[in-house]
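S.K.: predicted coordinates and the sequence they were generated for:
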Amino acid sequence: MKLKELLSDESAFIIGDENTEVSGVSYDSRKVGKDYAFFALSGHNTDGRKYIAEAIANGASVIITDSKYDTNDAAQVVVKDIFHFMSLFGARFYNYPDRELNIMGITGTNGKTTVTYMIESILANSGIECGVIGTVNYRYKSKVIEADNTTPQSLDIYKIMRDISDSGVKYLVMEVSSHALSLGRVYGIEFDVVVFTNLTREHLDFHKNMDGYFEAKSVLFKELGAGKKSNKKCAIINIDDEYGEKLLKVGISAEIKLYSAIKKRAADFKAGDIEIANNGAVFNLIFCNERARIRIKHIGLHNVYNALAALAAAVCSGISFEKAVEGLNNSRQVPGRLEKVNTIGLGFEIVVDYAHTDDALENVLRALKEIKSKRIITVFGCGGDRDRAKRPLMGKTAVEMSDFVFVTSDNSRKEEPYQIILDIEVGIKRVGKKNYKVVVDRETAIKEAIMMADKGDIVLLAGKGHETYQIASCGKAHFSDVEVAEKYIDLKAKQKVAVKQVGQREFIF
Ligand SMILES: CC(=O)N[C@H]1[C@@H](OP(=O)(O)OP(=O)(O)OC[C@H]2O[C@@H](n3ccc(=O)[nH]c3=O)[C@H](O)[C@@H]2O)O[C@H](CO)[C@@H](O)[C@@H]1O[C@H](C)C(=O)N[C@@H](C)C(=O)N[C@H](CCC(=O)O)C(=O)O
Ligand SMILES: Nc1ncnc2c1ncn2[C@@H]1O[C@H](COP(=O)(O)OP(=O)(O)OP(=O)(O)O)[C@@H](O)[C@H]1O
């Protein structure tokens, strides 16, 4: 493909031959091959411009930058907004795979992953295969790609979309993070259905304030309908959330469908008569003249909202209400979201959940409180190099809604774990609670929680969910809450047997 075929009417200043051949695209010099176009992105750790020489040495024929670079060894395109330009370039390089797919984009602070899994189950129930891009992984057919980001860079999205479409799959369900929206990772992608789940405090290290965070999310809705696809587009909004209401005012030029559960709002998809049990939730779902009793295996009111969002997205994508209901009722467990660990008959429960905001923690603890348990023992920490302000809020929520809390580490990254815990303790001390213990090492904290647990208790391991790693200043090491829990469940079971045996012997002699 010639460079000039990949350029369009965006403002771009070309230095060199526009007939230069382009055989690949990359924003990472280490992945550049012969005749690649290299995008020199300014990053948060380093500047891609520093790697231009390496990219050229690896075979780059074109360099794309946002300020002129001194070289005669490759053609150069100087652009104003490199992230937007990269997305449009990717669309042309991969020949607009988004136009061949029915794409659902899910955004919001919490629930994105769960909703994508529910939609995947609904589609599967209708015999429809779909690709999924999200926090847990990127997958289609039998292919599973490890996820570095919830929403990857535009070039990666276009590459995956091309592969998905070429494999014969027609649907894509994608989580769209606020970072992706701010950094142009989905710029120009032609979505068919977009969903807003909720907006609560998160990522304010990046967005500065809630207005900035909301602005980022609203981009997905403002841009819906732009592009070449002629089919009807649909925006699905949780109207029980105050930011859902705000979203209605941003100017959406597509059909809007609202969903509501507890607040008696006028909505297209409504849940009523909600019953939360310890094995799931049951509720009535009403859409136009249709009504169904839904039984999902996911506990908690927040999952009723997720189910409404998923069903609405599926129906707006052409799935019949009846089939969507059937699929929802059969939707599978989401890895690391209220995932139960087998406690081999010890009489208490262990639940692993990805809650890493105060709102998510509150929702999960509320869901667990609805299941009649003796005590709730929570293990949690907060991530390093990320939004500091949520730490005391999570501390407060944890001690107020649990019987006992182990405050520990969770991806401390370059920060000192104990420093993060001190921030958490600020919130705990503010409410004067003493029902907690600091155990910096996460494995030890999980062990202590399991050893403390007794019949009828629930141990919540919050924050890491599906993750199989722990990131600290020394690097990334394998770590899984589920595996660690299983290890100490096993130990506790063995100790119990040993105690029993000792007891029996004492009885015999
Ligand atoms: C803050 C942020 O968005 N960072 C993303 C960004 O990395 P960065 O800016 O740190 O990149 P950098 O290391 O400074 O490098 C700058 C440029 O030089 C290039 N480079 C670098 C080294 C080299 O040898 N050669 C080379 O060409 C890099 O490829 C890059 O293009 O570009 C990377 C490649 O695409 C992303 O993986 C990375 O996400 C990091 C891992 C991250 O943690 N991002 C978070 C904040 C994020 O985006 N999260 C949201 C979800 C949030 C949520 O809802 O929970 C997400 O969508 O994932
Ligand atoms: N609709 C919801 N409202 C509030 N909290 C929720 C909701 N759904 C899930 N949660 C909580 O948020 C956690 C993350 O859920 P999920 O992974 O589905 O959301 P997400 O938006 O994909 O999050 P992330 O972007 O951090 O990956 C869950 O483990 C649960 O604690």
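M.R.: Done, it's in. Ligands and ions are numbered 1, 2, ... in the order given.

S.K.: residues in contact with V325?
M.R.: Taking CB atoms under 8 Å, 6 or more residues apart in numbering, we find V325 in contact with 285, 292, 294, 311. C-beta here means a position set from N, CA and C on the backbone, and glycine is covered the same way.

S.K.: tell me the two of the residues you listed that are most distant?
M.R.: A292 and L311 (9.1 Å; CB to CB).

S.K.: looking at the two, which one has more neighbours?
M.R.: L311 (29 against 18; other CB atoms under 10 Å).

S.K.: flag every residue of the chain that's near ligand 1.
M.R.: Residues of the chain lying near ligand 1 by CB under 6 Å from any ligand atom: 27-30, 41, 43-46, 48, 51, 148-151, 153, 177, 179-180, 183.

S.K.: from those, which would you call buried?
M.R.: 27, 29, 41, 48, 51, 149-151, 153, 177, 180, 183 (16 or more other CB atoms under 10 Å).

S.K.: which ones among the residues you listed also lie next to ligand 2?
M.R.: T150.

S.K.: could you pull up phi and psi at C130?
M.R.: Phi and psi for C130, reported as degrees, to the nearest 10, are phi -140, psi 160.

S.K.: before we move on, the earlier item: just the buried ones among the residues of the chain next to ligand 1: which are in helices?
M.R.: A180 (DSSP state H).

S.K.: of the buried ones among the residues of the chain next to ligand 1, closest to I458?
M.R.: T150 (28.0 Å).

S.K.: model confidence for the closest one, exactly?
M.R.: Per-residue pLDDT puts T150 at 96.

S.K.: circling back to that earlier point, can I get the contacts of V325 in CSV including secondary structure?
M.R.: CSV is the format used below for the contacts of V325 (DSSP: H, G, I helix; E, B strand; the rest coil):
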residue, secondary structure
L285, strand
A292, strand
I294, strand
L311, helix
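
S.K.: of the residues you listed, closest to G111?
M.R.: Looking across these and measuring by CB to CB, the closest to G111 is L311, at 13.3 Å.

S.K.: show me the contacts for the closest residue to the closest one other than its chain neighbours.
M.R.: Excluding its sequence neighbours, the residue lying closest to L311 (CB to CB, 6 or more residues apart in numbering) is A324, at 5.1 Å. Contacts for A324 (CB under 8 Å, 6+ apart) come out as 122, 126, 311, 314-315.

S.K.: may I see the buried residues of the one helix or strand I428 maps to?
M.R.: Assigned by DSSP states H and E, I428 falls within helix 417-430. In terms of neighbour count (16+ other CB under 10 Å), helix 417-430 has its buried residues at 417, 420-421, 423-425, 427-428.

S.K.: between those residues, which is nearest I371?
M.R.: I428 (24.5 Å).

S.K.: now the closest residue to that closest one other than its chain neighbours: which helix or strand?
M.R.: Distances taken as CB to CB, 6+ apart put G395 closest to I428, at 4.3 Å, once the chain neighbours are dropped. Assessed by DSSP H and E, G395 sits inside helix 390-401.

S.K.: partner strands of the following helix or strand past that helix, parallel or antiparallel?
M.R.: Remark: after helix 390-401, the chain's next helix or strand is strand 404-407, criterion DSSP H and E. Using DSSP bridges, strand 404-407 pairs in its sheet with strand 376-380 (parallel), strand 436-438 (parallel).
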